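1. prediction below, plus the sequence it came from.
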Amino acid sequence: MTCDEARLLLHALIDGELDAGHAREVEAHVATCAACAAELAAQREMKRVLAGTSLRYTAPAGLRMRIEASLPQSKQPSRRAVLRGFAMGSAVSALAATGLVAIVLRQDDQQRILSEVVSAHLRSLQAGHLTDVLSTDQHTVKPWFNGKLDVAPPVIDLTAQGFTLVGGRLDYIDARAIGAVVYRRRQHVINLFVAQTTSAEHRAPTTQTMQGFNCRRWGNRGLNFWAVSDLGADELAEFVDKFETAMKGNTEG
Amino acid sequence: MPPASDDPDRSRRFREAALPLLDDVYTLARYLLRDAEDAEDAVQECYLRAFRHFDGFRGPDIKPWLFAILRNVCNAEYARRATRPVAIEDTPEAAEQVPLWREGEASPEAEVLRGRDATAIRKLIEALAEPFREAFVLREINNLSYRDIADAVGAPLGTVMSRLARARAMLRAAWTAEEEQPR
């Protein structure tokens, strides 16, 4: 065996990738060649030092959450939501393929908050995360928020209108604590996120879709609302209409 | 739309197989792109693509498959960066021409490497030219077998072996050169 061959194969030897025959040949060469023997010892030493050093990186928690949120939830029983999530995923990646960095930079504040809202909705669907206070009684849910938030979100029972109040939860959107009121229609969960805003003007509801979820967003009485669900856009709009009508009845009546 | 997309099991299987490897994929991305933000973007894109093509994955080990996808994403990122000037030592063709070992080189006998902290070693690894750095990281940090490295980078086994040998020779040279410098 020549020195050139040995210099190549000694790496496979220390990596345990060399078959017995070649291993014997390398060892025979090294036994008679001081330079190659020194190289083998030096490489073994370097491998030992490297193995004792932590050279791995840990993925940031935000990256893990973004990836988890971008995958359709297998816990979602709705076939429609899975289909829509997949279609959306393809659209996002097609967009991403045109420029990895651009897609991050072009996300404006609203888009970022929308993605946080959808992530919060996804987190809430994991077992045991949906509600902090579990009650179908608005007079139990509403006081629970008092003292936990600057402004308690309006809690309205819409059971008669076909949307069952399930409970409430504290969540975090845009690094702020925020109230989430949870409703259910059939097997579909609706998270209604409510945040205080400085603007008192009325903003008409608009629906956006992200990762297979519909998000209807509006502003009224100094509050911003985001209703998120895998319900169809029409039923989510119906929910928002019923909620706003009931709110109007509450404040005027 | 692919017919398998409505399989509710698919997403779960993908999560269970791919998400535990996130640190591995991120580690490779960090070494390949040498930039934390670019690495995050690349990993996210890698997972999106992997999920889309998950039906095309034929086991047994998903790790080299994920790495191959990450590599493609990173190559697109290199292409984007290609507008920037490239340092001479970054040209892989030039580095491949350098012989692994020259006759009459000073004998490195009984030379003991002084321990370095992780940050210093990471810097030395990052300074390696691209194909060598890649082979080295896949082997020493991601613990892939030669066969899996060959699959992930789409190169013959012999090329993988020679890149790995060169990477280690270059790394050791840089390491010892640094030690000889007065500090």
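-> Structure received. Residues are numbered from 1 along each chain as shown, chains lettered A, B, ... in the order given.
2. what pLDDT does A:Ile113 get?
-> The confidence metric pLDDT takes the value 82 at A:Ile113.
3. ignore the last one, A:Pro143
-> Among the per-residue scores, A:Pro143 shows a pLDDT of 84.
4. next, it: secondary structure please.
-> Following DSSP: H, G, I helix; E, B strand; the rest coil, we place A:Pro143 in the helix state.
5. who's in contact with residue 26?
-> Picking chain A for this. A:1, A:6, A:9-10, A:13, A:18 (Cβ atoms under 8 Å, 6 or more residues apart in numbering or on different chains). C-beta here means a position set from N, CA and C on the backbone, and glycine is covered the same way.
6. wait, chain B was what I had in mind.
-> Applying Cβ under 8 Å, 6+ apart, one finds that B:Tyr26 lies in contact with A:57-59, A:63, B:39-40, B:43.
7. 10 Å - rerun?
-> If you count contacts by Cβ atoms under 10 Å, 6 or more residues apart in numbering or on different chains, B:Tyr26 has them with A:56-60, A:63-64, B:36, B:39-40, B:42-44, B:46, B:70.
8. separate out the buried members of the residues you listed.
-> A:56-57, A:59, A:63-64, B:39-40, B:42-44, B:46, B:70 (16 or more other Cβ atoms under 10 Å in any protein chain shown).
9. now for those residues: which two are most distant?
-> Pairwise distances across the buried ones among the contacts of B:Tyr26 (Cβ to Cβ) peak at 18.9 Å, for the pair A:Arg56 and B:Gln44.
10. can you pull the pLDDT of the residue in the stretch 151-253 of chain A positioned nearest to chain B?
-> When scored by Cβ to the nearest Cβ, the stretch 151-253 of chain A has A:Gly212 as its residue closest to chain B, at 10.7 Å. Model confidence at A:Gly212, expressed as pLDDT, equals 80.
11. is the longest helix along chain B anywhere near chain A?
-> Secondary structure of chain B per DSSP state H: the longest helix is helix B:157-180. Yes. Contact of helix B:157-180 with chain A is found when judged by Cβ under 10 Å from any Cβ of the partner chain, involving B:157-158, B:160-162, B:164-169, B:171-172, B:175-176.
12. what helices or strands is that helix leaning on?
-> For helix B:157-180, the elements it packs on are helix A:3-14, helix A:34-51, helix B:92-97, helix B:118-126, helix B:130-140, helix B:146-153, judged by 3 or more Cβ pairs under 10 Å, 6 or more residues apart in numbering or on different chains; DSSP states H and E.
13. run the last query once more with 7 Å
-> Helix B:157-180 makes packing contacts with helix A:3-14, helix A:34-51, helix B:118-126, helix B:130-140, helix B:146-153 when contacts are defined by 3 or more Cβ pairs under 7 Å, 6 or more residues apart in numbering or on different chains; DSSP states H and E.
14. and it, what's buried?
-> Buried positions in helix B:157-180, judged by neighbour count with 16+ other Cβ under 10 Å: B:159-172, B:175-176.
15. cool, stretch B:48-63 as well?
-> B:48-52, B:54, B:62-63.
16. start to end distance for that stretch?
-> As for stretch B:48-63, its first-to-last residue distance stands at 15 Å under the measure Cα to Cα, to the nearest Å.
17. ok, then the element right after the helix or strand of chain A with the lowest mean pLDDT?
-> Among the helices and strands of chain A, helix A:100-106 carries the lowest confidence by mean pLDDT, DSSP states H and E, at a mean of 36. Secondary structure here is assigned by DSSP states H and E; on that basis, the next helix or strand after helix A:100-106 toward the C-terminus is helix A:109-125.
18. buried set for that following helix?
-> Of the residues in helix A:109-125, A:113-124 count as buried by neighbour count, 16+ other Cβ under 10 Å.
19. got those residues as TSV, with distance to chain B columns?
-> Written out in TSV, the entries for these read as follows (distance: Cβ to the nearest Cβ, whole Å):
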residue	distance to chain B
A:Ile113	19
A:Leu114	17
A:Ser115	12
A:Glu116	16
A:Val117	19
A:Val118	15
A:Ser119	13
A:Ala120	19
A:His121	16
A:Leu122	12
A:Arg123	15
A:Ser124	18
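20. got any ranges where chain B has weak pLDDT?
-> The model of chain B has pLDDT under 70 over residues B:1-8, B:82-116, B:179-183.
21. one more pass at 50, please.
-> Counting by pLDDT under 50, chain B has low-confidence residues at B:1-5, B:86-91, B:102-111.
22. chain A too?
-> Low-confidence segments of chain A (pLDDT under 50): A:74-107, A:253.
23. domain assignment for it?
-> Per the record, chain A has its domains at A:3-51, A:109-252, by automatic domain parsing.
24. dump those to CSV, plus distance to B:Leu124.
-> Shown next, in CSV, are the domains of chain A (distance: least, Cβ to Cβ, whole Å):
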stretch, distance to B:Leu124
domain A:3-51, 10
domain A:109-252, 37
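25. so which of these gets nearest B:Phe132?
-> Ranking the domains of chain A by proximity to B:Phe132 (Cβ to Cβ) places domain A:3-51 first, at 12.3 Å.
26. on that earlier part again, which of the contacts of B:Tyr26 lies closest to A:Ile156?
-> Using Cβ to Cβ, A:Arg64 comes nearest to A:Ile156 of the contacts of B:Tyr26, at 35.5 Å.
27. ok, now how distant is the residue nearest the centre of chain B from B:Ala155?
-> In chain B, the C-alpha closest to the average C-alpha coordinate belongs to B:Glu134, at a distance of 2.9 Å (Cα atoms, centre = their mean). Separation of B:Glu134 from B:Ala155 (Cβ to Cβ, to the nearest Å) stands at 10 Å.
28. how about the helix or strand encompassing A:Arg169: buried residues?
-> Applying DSSP H and E as the criterion places A:Arg169 in strand A:164-173. For strand A:164-173, burial by neighbour count (16+ other Cβ under 10 Å) applies to A:164-169, A:171, A:173.
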